[in-house]
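Chemist: Have a look at this prediction, sequence included:
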Amino acid sequence: MATAPTSKRTFWPYAIILAFVLFAGYIGFMVQQAMRTSVDLVSPDYYKQELAYQQRMETEARTAALPAPVQVILDADARRLTLTLPASLAGQAVQGRVHFFRPSDQQRDFSLPLQFGPNQQQHINTSQMQPGYWRVRLDFTAGGQAYFVERNITLGT
């Protein structure tokens, strides 16, 4: 008596196809996530700023050559940032701006005019600023010379 041959099915071809389909789905998902991620530059005119790099280096060297440093002091308890110019710049007309850059969120960047008092200090209230890492840049001229200071601060809650 003859028996019908039994078909022996293997699952390996299906497993290989399933692995390829899952891999392709995973790659597609990762490409979609990468396309959704926003990549903000630190400032909108980043490339223009890079072209002025040599001039910035000369300005920083001039600032470093001051007899005393420009001080940027954060008083976390009083929620105040104090900017102090050295005494060697006293009596000179100082014009410029202080820029606050939030590397993690370009929408929070802002700048203020420098307005030093008679004691060569300016106080800035930080209570409205979001806690976290900030870059503070002072760009100013005094006595016809340009100066630049950059400090990093971390605001607490």
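Modeler: Structure's in. What do you need? All values reported here derive from a predicted model rather than from experimental measurement. Numbering: from 1, shown residues only.

Chemist: looking at this protein, which helix or strand is least sure?
Modeler: Least confident element among the helices and strands of the chain, by mean pLDDT, DSSP states H and E: helix 46-51 (a mean of 74).

Chemist: Distance from the chain centre to it, please.
Modeler: On the basis of C-alpha atoms, centre = their mean, to the nearest Å, helix 46-51 sits 15 Å off its chain's mean C-alpha point.

Chemist: Tell me the first helix or strand C-terminal of that helix.
Modeler: Using DSSP states H and E, the helix or strand that follows helix 46-51 in sequence is helix 53-64.

Chemist: Against which helices or strands is that next one packed?
Modeler: strand 145-155 (3 or more C-beta pairs under 8 Å, 6 or more residues apart in numbering; DSSP states H and E). From N, CA and C alone the C-beta is placed, and that goes for glycine too.

Chemist: Please work out which residues outside the strand it packs on touch it.
Modeler: In this structure, residues lying in contact with strand 145-155 by C-beta atoms under 8 Å, 6 or more residues apart in numbering are 56, 59-60, 62-63, 66, 70, 72, 74, 76, 81, 96, 126, 129-141.
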